[in-house]
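Trainee: Attaching a predicted model along with its sequence, questions to come.
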Amino acid sequence: MPLSEEITLTDFYRYPPVGEDDWRYMYETAKVRALETMMLSRGLLADMASAADFAGAAELSSSTEYAVAADSTESQIEQMLLKRRRAIRILFAELMHDEELVRMLRVREDFANMRLALRRLVTEKPLGLDYSDEGDVPAEEFEDVLRRESYEHLPEHLQDAVEAAVLGYYEHKDIRWIDYGIDKMEFAWQIRRAAQLKSVFCASRARILVDLYNVRTMLRLKAAERDETEFFCEGGFVDTDRFVQGLTTPYESLGSLFFVTPYYEVVEEGVRYLLSEQSFLKLEQQCEDYLMGFLKSTSQIAAGPQPIVAYFLMKEAEIRAVRMVLIGKKNFLAAELMLNRLGTWHS
């Protein structure tokens with residue numbers, strides 16, 4: 001099977017290929033198949049979101065691994081969720097035979113830490129405690145490296161990212177260029193690394209992330225009546241020219257523009273909700289639904305690293321969903337908003 005960067009939109013209908021079986025993972029695949037049956041259903045999450053108050057949501061969580069007390073504070077909720085996230089990451093590393101695939105996902109934390117450190121540096125905000133300590137580079141090193149402008153000790157992919165972000169910010173005096181510079185380099189590194197590892201699944205996922213990033217960027221630029229086409233990233237399945245064209249296409253015609261792509265429903269639903277509610281909430285939900293649908297397509301694999309990675313990423317999404325609901329109930333967020341944001345991929 002060719003690597004995903006050789007695949008075009010004419011080669012698949014809904015989701016791109018995920019690669020072939022790897023029989024080294026027979027036991028591990030069976031284990032995550034069993035674990036998947038214990039993931040939270042959308043029905044339970046919806047019931048928690050619709051509960052009368054936080055105490056009601058907490059009671060519904062009592063039979064799950066996310067159990068919290070009715071008098072739990074936000075800090076206690078966050079600590080519980082961090083503990084669950086650490087546990088799933090430890091399990092993921094234990095199940096994987098390919099350390100480089102584990103590292104490929106771990107590097108996400110380095111890019112996130114760099115983004116946070118750069119934003120704090122240019123806005124002169126004080127240090128916080130929300131850096132992740134689960135990346136390849138110790139979290140506490142980032143701000144020191146950036147302050148000294150000494151990047152040579154960072155891995156090459158992080159050097160490229162920080163240089164692109166810093167150059168963009170100081171040239172345009174716009175903090176959005178920090179995000180763009182890092183995003184662009186992270187996507188490029190993911191696609192390149194997937195090719196080096198000959199992972200069709202990781203390459204497909206990286207290209208999907210580029211496309212969904214471009215969909216979000218297109219609609220946000222369009223809503224702000226801006227035409228900064230340089231914010232689109234290369235490397236996805238959909239050529240950036242289509243997103244550029246979308247900036248000048250009437251909202252009611254955007255669905256037709258993306259009809260020949262796998263993202264027709266993402267765009268249609270995102271636009272509909274944006275026009276009616278002036279919110280990107282449904283767009284975010286649709287993007288996550290598509291990505292989760294791709295991860296669930298690994299069910300076609302009898303044995304391999306793909307189901308292991310997919311389960312890990314779906315558990316991360318589940319943790320984010322639980323956080324949204326519990327913290328939302330704690331802060332009296334309207335149930336309707338949480339229900340609109342909950343993905344339909346939860347079985």
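Mentor: The structure has been received and is ready for your questions. Numbering: from 1, shown residues only.
Trainee: so who does Val238 touch?
Mentor: Val238 makes contacts with 9, 211, 214, 258, 261, 263, as judged by Cβ atoms under 8 Å, 6 or more residues apart in numbering. Any C-beta I mention is one placed from the backbone N, CA and C, and that applies to glycine too.
Trainee: now Glu28
Mentor: If a contact means Cβ under 8 Å, 6+ apart, then Glu28 has 95-97, 303, 308 as its contacts.
Trainee: one more time with 7 Å
Mentor: By Cβ atoms under 7 Å, 6 or more residues apart in numbering, Glu28 lies in contact with 95, 308.
Trainee: How far off centre is the strand or helix carrying it?
Mentor: Under the assignment given by DSSP states H and E, the secondary-structure element containing Glu28 is helix 26-36. Distance of helix 26-36 from its chain centroid, counting by Cα atoms, centre = their mean, to the nearest Å, is 23 Å.
Trainee: Average pLDDT for that helix, rounded please.
Mentor: When pLDDT is averaged along helix 26-36, the result is 95.
Trainee: residue ranges with poor pLDDT in the stretch 51-200 of the chain?
Mentor: In the prediction, the stretch 51-200 of the chain carries residues with pLDDT under 70 at positions 124-131, 139, 143, 146, 149.
Trainee: quick one, helices of it?
Mentor: Taking DSSP state H, counting those that start in this stretch as the criterion, the stretch 51-200 of the chain carries its helices at 54-61, 74-95, 99-123, 141-148, 156-172, 176-196, 200-223.
Trainee: Give me the contacts around the first one.
Mentor: Just to be clear, that refers to helix 54-61. With Cβ under 7 Å, 6+ apart as the test, helix 54-61 has contacts from 44, 47-48, 51, 67-70, 72, 325-326, 329-330.
Trainee: Return the alpha-carbon coordinates of that helix using CSV.
Mentor: Provided in CSV are the C-alpha atoms of helix 54-61 (Å, rounded to 0.1, in the frame of the first residue of the first chain):
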residue,chain,number,x,y,z
PHE,A,54,-23.1,19.7,39.3
ALA,A,55,-24.1,17.3,42.1
GLY,A,56,-26.4,15.5,39.7
ALA,A,57,-23.6,15.2,37.1
ALA,A,58,-21.2,14.0,39.8
GLU,A,59,-23.7,11.3,40.9
LEU,A,60,-23.9,10.0,37.3
SER,A,61,-20.1,9.9,37.1
